[in-house]
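1. Starting from these lines, generate the structure:
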Amino acid sequence: MVRLVIYLVTIALIASGLAWLADRPGTLQIAWQGYDIETSVFRAVVILAAAVATLVFLWSIFRALWNSPAAIGHRLLRQRQKKGLDALSGGLIAIGAGDSALASRYALQARKTLPHEPLTHLLRAQSAELAGDRAAARRIYEAMLASPETEQLGLRGLFLEAQREGAGEAARQFADRALKANPKLGWSSTALFEQQCKQKDWSGALATLDHAKKSGHITKAVADRKRAVLLTAKATAIEDDAPDKALAWSLEAHGLAPDLVPAAVIAGRILASRGNTAKAAKVLQKTWTKSPHPDLAATYAYARIGDSTRDRLDRVRQLAALNPHSIESPIAVATTATEARLYDEARRALEPLLADRLTQRVAMLMARIEAGENGEKGRVREWLARAMNAARDPAWMADGVISNHWEPTSPVDGRLDAFQWRVPVETTDGKGSEILASKIDELIAIAPVATKDGAERSEAGRPDNPDDVESKLAQTDGGDIVEAEPVTVTVKPNGAGGEPKAQFPEASVNGIARPLPAAEDAITAARRMATPDRAPAAKPEPQVYVTPRAPDDPGTDTIEPELEQPVARRNFRTVN
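-> Numbering: from 1, shown residues only. Sure thing, here's the model as predicted:
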């Protein structure tokens, strides 16, 4: 529309000019080289305009002929570029669709039409990856490093290839080179940071994290949390060798992330070892209010050197009062009270948890309380049985892996700050049961109970007296294997002090308590063997095999010397 208006205005101006000349007649006379030309002004102007137009037309024709080869070449180039761009577009679509054959065909066409285009190299590399030819893809990416325009693209591709092949060191070098080439790249700083964390290069990871924070690739809150975890990892590694640095790093980590339990534990432990109980308590209390944890309670209880068990209990009561709604508070109080042998207080602390919040740790604590206070084997076994079926306690978990202690990175993929204190998901692999069983074995080993003969035995059935090596009797009764205490038989000759005596326990066979029939048969055999003037009678059914101990066995009871064969404390097994 604008062009039309300009065209009409131009025509109008030309017409107006010609009309203006026509209304003003005049004569123009030119004398040059013996020629005398005389014409009107209007005619002279028209002839001049026609001459100029002719010259312009002739110049246009000459310029077109002169530039025709370049124009033809430019046209062909445009057509070639169009075909190349179409090939690139089709190739990228084919790669997205997963059609490796079509992508390779388009990549070949793009290489012919646009050999120096960066997208052509990318299409070729990705089509080779899609076809499974990773060697060709690496060669293409390496060729990109020669050009500044494609260097970053090549480094990115080589980094991804190194990651796929598990070459952590190579991936780290490519990411580092890309970051140096362009510090504003976000992926290079993130990739370098992840590789440094996997390789436990905490100092390098801290430097990369600071660079990412300054470049705006990561928010301040996330950067502070990651820095706290990295500082805690460094403090954990040198806590024993360089406690001064470990204390400084753990305190800085505690300031950045007050809910980070390992940082508070390390700081509290080192401060307590130096006698700075007040500051250690302040650090532990601050973390306890945000993330209560058993390690915090244990460190807080032993924060003051030389405290008695009652003093530690008083301290733990104060700590528990800061977070009374957490299950860790009553457990910490009950644990410390049990160590102080204040079993009634330990029971009162755990009582609110027994109905609806019973966990394995709570049940185990109740078993310890029963074993320490009353020594009742039945009550101990009852709580141990309840522990096997109780709810799981929180644990350090990362990517499905349960650990007894905190780690800065995941053992699966090396991700930083992956471990979380939470309740594990119930699984069927039996790992939780095995861990609990080992804890129960430890508890049984420290819970002595009294046997019928007055000797103390552990819950596992091991006698406290090492000389009492025969502590179990295996008996077959109807095909069921049962365990019982050893049978002790004391035999004297007839007329030399009375009738033979025996001490019989009871065995549990299929849940029913009954006397040991094998022991009764053993007494009958012992009587006959202890009578010198009588030959040993035939063994009754079921058969009882009596095997004497070795003469140097300290557990052998010596019988009267006139007896033909001593009968002492033995294990009897019936054979049907």
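2. residues contacting residue 136?
-> 125, 128 (Cβ atoms under 8 Å, 6 or more residues apart in numbering). Just so you know, the C-beta spots here come from the backbone N, C-alpha and C atoms, and that holds for glycine as well.
3. Try it again at 10 Å.
-> The neighbourhood of residue 136, defined by Cβ atoms under 10 Å, 6 or more residues apart in numbering, consists of 124-125, 127-129.
4. Check which helix or strand it maps to.
-> Element membership of residue 136 [criterion: DSSP states H and E] is helix 134-144.
5. ok, now residue 179?
-> Going by DSSP H and E, residue 179 is in helix 168-181.
6. name the helices or strands packed onto that helix?
-> Helices and strands touching helix 168-181, by 3 or more Cβ pairs under 10 Å, 6 or more residues apart in numbering; DSSP states H and E, are helix 151-164, helix 186-198, helix 202-215.
7. related to what we said a few turns ago, who wins for neighbours among the contacts of residue 136?
-> Within those, most neighbours by other Cβ atoms under 10 Å means residue 127, with 28 neighbours.
8. Please name every helix or strand in contact with the helix or strand harbouring that residue.
-> Using DSSP H and E, residue 127 sits in helix 118-130. Contacts defined by 3+ Cβ pairs under 10 Å, 6+ apart place helix 118-130 against helix 41-97, helix 100-113, helix 134-144, helix 151-164.
9. relative orientation of the first one and helix 118-130 in degrees?
-> Put simply, helix 41-97 runs at 20 degrees to helix 118-130, going by axes from the mean of the first three to the mean of the last three Cα atoms, to 10 degrees.
10. How about the one helix or strand residue 285 maps to, which residues are buried there?
-> Assessed by DSSP H and E, residue 285 sits inside helix 277-290. Buried residues in helix 277-290, counted by 16 or more other Cβ atoms under 10 Å: 277, 280-281, 283-285, 287-288.
11. Same check on stretch 152-165?
-> 152-163.
12. Now do the buried residues in the helix holding residue 136.
-> Here helix 134-144 shows 137-138, 140-141, 144 as buried, counting by 16+ other Cβ under 10 Å.
13. Residue 396 should be in a helix, yeah?
-> No: using DSSP: H, G, I helix; E, B strand; the rest coil, the secondary structure at residue 396 is strand, not a helix.
14. if we can go back for a sec, turn the helices and strands packed on helix 168-181 into a markdown table, columns for mean pLDDT and distance to residue 96.
-> Listed next are these as a markdown table, based on pLDDT from 0 to 100; distance: least, Cβ to Cβ, whole Å:
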| stretch | mean pLDDT | distance to residue 96 |
| --- | --- | --- |
| helix 151-164 | 88 | 17 |
| helix 186-198 | 91 | 20 |
| helix 202-215 | 92 | 30 |
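15. export those helices to CSV and tack on distance to residue 357?
-> Shown next, in CSV, are the helices and strands packed on helix 168-181 (distance: least, Cβ to Cβ, whole Å):
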stretch, distance to residue 357
helix 151-164, 45
helix 186-198, 37
helix 202-215, 38
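16. Nearest approach to residue 383 belongs to which of those helices?
-> Residue 383 lies closest, by Cβ to Cβ, to one member of those: helix 186-198, at 42.7 Å.
17. one step back: now do the helix holding residue 127, average pLDDT.
-> Helix 118-130 carries an average pLDDT of 86.
18. Next: stretch 55-73.
-> Averaged over stretch 55-73, pLDDT sits at 87.
19. Flag every buried residue along it.
-> By 16+ other Cβ under 10 Å, stretch 55-73 has no buried positions at all.
20. Give me the contact list for it.
-> Contacts of stretch 55-73 (Cβ under 10 Å, 6+ apart): residue 74.
21. now that stretch: how far from the chain's centre is it?
-> 73 Å (Cα atoms, centre = their mean, to the nearest Å).
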